[in-house]
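Undergrad: test case, fold it:
(one chain, ligands or ions: 1)
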Amino acid sequence: MLSKISRAMAAGLAAMFTMFASSGAMAAWELNLPVGVTPISRDVYDLHMLILWICVIIGVVVFGAMFVSIVLHRKAAGHKPAQFHHSTFAEILWTIVPFVILVAFAIPATKTLINMEDTSEAEITIKVTGYQWLWKYEYIEDGVSFYSSLAPSSRTAIYGDPWAVENYLLEVDNSLVLPVGKKVRFLLTADDVIHAWWVPALGMKKDAIPGFVNELWALIEEPGIYRGQCAELCGKDHGFMPIVVDARSEADYKQWVAAYQAGEKTQLAATTPTPQ
Ligand SMILES: [Cu+2]
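TA: Coordinates of the predicted model:
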């Protein structure tokens, strides 16, 4: 009976492995936190690695001591347990050592958290408003503003073949174009329910709450396309309001702003009725 179950489980695992390997999911299988493209995202990654390795060392020492005691000092090998009730030295030690380790974690973590909140001296301000179920971006200094919603390719694929579309549910009609090397401040709010603006490569995520303005900042170091999603359950289409950041060189960014402003003027001229 048991061998039948284990054979069925092995067959199931083999089938799952073949499915993942053939679907290309293996290629994208990364277990660790992505490093990202901003100084904050790098700090977050370094903190994550530092704490991970300290935890690995603690785990090896604690479990090592435990297994050595269990195996080498077992009763069957003739060992007798020590008979004591209290050890002030051990109690002080197991209070002070974790305290020192926690303080060692807290110092760099607090520095990064304070830095995350420091949106001063930003060169560009973008107001981000969440709606059910799309985003609005307003470039405060440049006067550019537009809505960004799920790309039609993904929308039609919802009831079709999702595998046939590139970046399924992670593509928008209008990307948020930003320059690299500039500190960008995001002012996050919402118009209906709570949303959350999250682009993993930028290293930060924050809620967009109606009636409140939350702040985030990013200094993108590499040009590229960075994708994210709404990260707060905001209704039936929560999974259909992605974010796409298109980071360009400063010259390209300026060109885009100028083209956008010119396009808006042409559109206005075309739609404004000429006075009789
Ligand atoms: Cu949302």
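
Undergrad: so which residue is smack in the middle of this protein?
TA: By Cα atoms, centre = their mean, the chain has its centre lying nearest to Pro200, at 2.8 Å.

Undergrad: and that one, what is it in contact with?
TA: 34, 36, 226, 228 (Cβ atoms under 8 Å, 6 or more residues apart in numbering). Any C-beta I mention is one placed from the backbone N, CA and C, and that applies to glycine too.

Undergrad: swap in 7 Å and give it another go.
TA: Counting by Cβ atoms under 7 Å, 6 or more residues apart in numbering, Pro200 touches 34, 36, 228.

Undergrad: which one in the residues you listed is the model shakiest on?
TA: Of all these, Pro34 has the smallest pLDDT value, namely 88.

Undergrad: so for the closest residue to that residue other than its chain neighbours, what's the pLDDT?
TA: Taking Cβ to Cβ, 6 or more residues apart in numbering, and ignoring the residues beside it in sequence, Pro34 has Pro200 as its nearest neighbour in space, at 5.9 Å. For Pro200, the model assigns a pLDDT of 94.

Undergrad: check the gap between Pro200 and Lys183 for me.
TA: 19 Å (Cβ to Cβ, to the nearest Å).

Undergrad: now the closest residue to Ala151 other than its chain neighbours: phi and psi?
TA: The spatially closest residue to Ala151, leaving aside those adjacent along the chain, is Glu171, at 3.8 Å (Cβ to Cβ, 6+ apart). Per-residue torsions, Glu171: phi -120, psi 140 (degrees, to the nearest 10).

Undergrad: isn't Glu171 right next to Ser153, touching?
TA: Yes - counting by Cβ atoms under 7 Å, Ser153 is a contact partner of Glu171 at 6.3 Å.

Undergrad: so those two - more neighbours on which side?
TA: Glu171 (20 against 15; other Cβ atoms under 10 Å).

Undergrad: got a list of what that one touches?
TA: Glu171 neighbours (Cβ under 7 Å, 6+ apart): 151, 153-154, 242, 244.

Undergrad: how far does stretch 147-163 stretch from start to finish?
TA: By Cα to Cα, to the nearest Å, the extent of stretch 147-163 from end to end equals 26 Å.

Undergrad: ah, wrong one, I meant stretch 152-164
TA: 13 Å.

Undergrad: work out the gap between that stretch and the centre of the chain.
TA: 24 Å (Cα atoms, centre = their mean, to the nearest Å).

Undergrad: what about that stretch, average pLDDT?
TA: 88.

Undergrad: equivalent analysis for stretch 37-55, please.
TA: 94.

Undergrad: now it, how far from the centre of its chain.
TA: Its chain's average C-alpha position is 13 Å from that of stretch 37-55, according to Cα atoms, centre = their mean.

Undergrad: please renumber the chain so that the first residue is 59 from this point on.
TA: Okay, residue one is now 59; in that scheme the one you just asked about reads as stretch 95-113.

Undergrad: list the buried ones in it?
TA: 95-99, 101-103, 105 (16 or more other Cβ atoms under 10 Å).

Undergrad: same question, stretch 212-225
TA: By 16+ other Cβ under 10 Å, the buried positions in stretch 212-225 come out as 212-213, 215, 223.

Undergrad: redo the contacts of Pro258 as a markdown table? Include secondary structure.
TA: Formatted as a markdown table, the contacts of Pro258 follow (DSSP: H, G, I helix; E, B strand; the rest coil):
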| residue | secondary structure |
| --- | --- |
| Pro92 | coil |
| Gly94 | coil |
| Gly286 | strand |
